[in-house]
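>>> all I have is the shape, not the residue letters:
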């Protein structure tokens with residue numbers, strides 16, 4: 001269940017278009033220059049586990065999840081280590097005059113908004129360019145270990161796209177991961193849509 005080089009390059013192009021739009025929206029929202037880089041796309045076949053390099057199974061992660069349904073069905077998530085999430089929020093929001101008891105809700109709200117923008121941007125680019133339609137569920141935020149994230153759904157009946165994400169700001173970089181979980185029939189529909197677009201382009 002792998003993509004050809006042409007299919008992979010096209011999908012990367014669509015994802016990067018969405019990432020660029022998402023970074024622009026974040027810049028407008030917070031007035032801080034953010035460059036969102038997606039250097040790697042990995043297709044994880046059914047039954048296999050994505051390789052979260054450098055992350056232990058006991059580490060608590062900050063994650064935003066966005067479900068979708070329609071031409072494609074599944075969910076997509078933006079995942080950070082807790083330290084990366086906290087650093088990114090501090091860079092985006094700067095010093096805020098907020099009572100300590102409200103800082104946690106502010107952090108969660110900021111990460112959820114960033115996740116919503118990025119995930120909508122990436123998925124929106126894919127489905128719009130391919131001429132498909134999907135509906136989205138409201139995004140939700142949760143903190144959990146890798147294992148809980150990976151056991152969402154039946155691993156033998158899904159394909160996962162693992163996209164390395166790098167939020168580059170003036171003072172540093174926050175690394176995260178974008179996951180897109182497709183049901184098997186959805187992934188097959190995605191491949192057909194990619195092939196149709198490639199055929200139209202004469203590739």
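Received, thanks. Remember, it's a predicted structure, so these values are computed and weren't measured experimentally.

>>> list the buried residues for stretch 33-42?
34, 36, 38, 41 (16 or more other Cβ atoms under 10 Å). (Each C-beta comes from the backbone N, C-alpha and C, glycine too.)

>>> now, these that are in strands?
36, 38, 41 (DSSP state E).

>>> least trustworthy helix or strand in this structure by mean pLDDT?
Across the helices and strands of the chain, mean confidence by mean pLDDT, DSSP states H and E is lowest for helix 146-150: a mean of 71.

>>> just the element for residue 168, please.
strand 158-169 (DSSP states H and E).

>>> where does the next helix or strand after that strand sit relative to the chain's centre, distance-wise?
Downstream of strand 158-169, the first helix or strand assigned by DSSP H and E is strand 172-183. Mean C-alpha position of strand 172-183 versus that of the full chain (Cα atoms, centre = their mean, to the nearest Å) differs by 4 Å.

>>> quick check: closest non-adjacent residue to the most centrally placed residue in the chain.
Against the mean C-alpha coordinate of the chain, by Cα atoms, centre = their mean, the closest residue is residue 178 at 3.0 Å. In space, and not counting its chain neighbours, residue 178 is closest to residue 163: 4.0 Å by Cβ to Cβ, 6 or more residues apart in numbering.

>>> for that neighbour, list each beta-bridge partner.
Taking DSSP bridges as the rule, residue 163 bridges to residue 41, residue 178.

>>> show me where pLDDT drops low in the chain?
Within the chain, the ranges that satisfy pLDDT under 70 run 1, 50-58, 95-103, 150-156, 203.

>>> following whichever helix in the chain runs longest in sequence, what is the next regular element?
Criterion DSSP state H: the longest helix present in the chain is helix 100-129. Once the chain leaves helix 100-129, the next helix or strand it forms, by DSSP H and E, is strand 134-136.

>>> beyond that next one, next helix or strand please.
Criterion used, DSSP H and E; the element after strand 134-136 is strand 140-144.

>>> what comes into contact with stretch 120-128?
11, 14-15, 17-19, 21-22, 25, 66, 68, 70-72, 76, 133-134, 136, 163, 178, 180, 190 (Cβ atoms under 8 Å, 6 or more residues apart in numbering).

>>> could you do stretch 136-153 as well?
Stretch 136-153 has contacts (Cβ under 8 Å, 6+ apart) with 49-50, 52, 55-69, 75, 77, 79, 82, 108, 111-112, 115-116, 119-120, 123, 179, 181.

>>> centre of the chain to that stretch, how far?
12 Å.

>>> ok, back up a step: any buried residues in the strand holding residue 168, and which?
The neighbour-count check on strand 158-169 (16+ other Cβ under 10 Å) flags 158-163, 165, 167 as buried.

>>> of all the residues you listed, which comes closest to residue 91?
Nearest to residue 91 among these, counting by Cβ to Cβ, is residue 167 at 8.6 Å.
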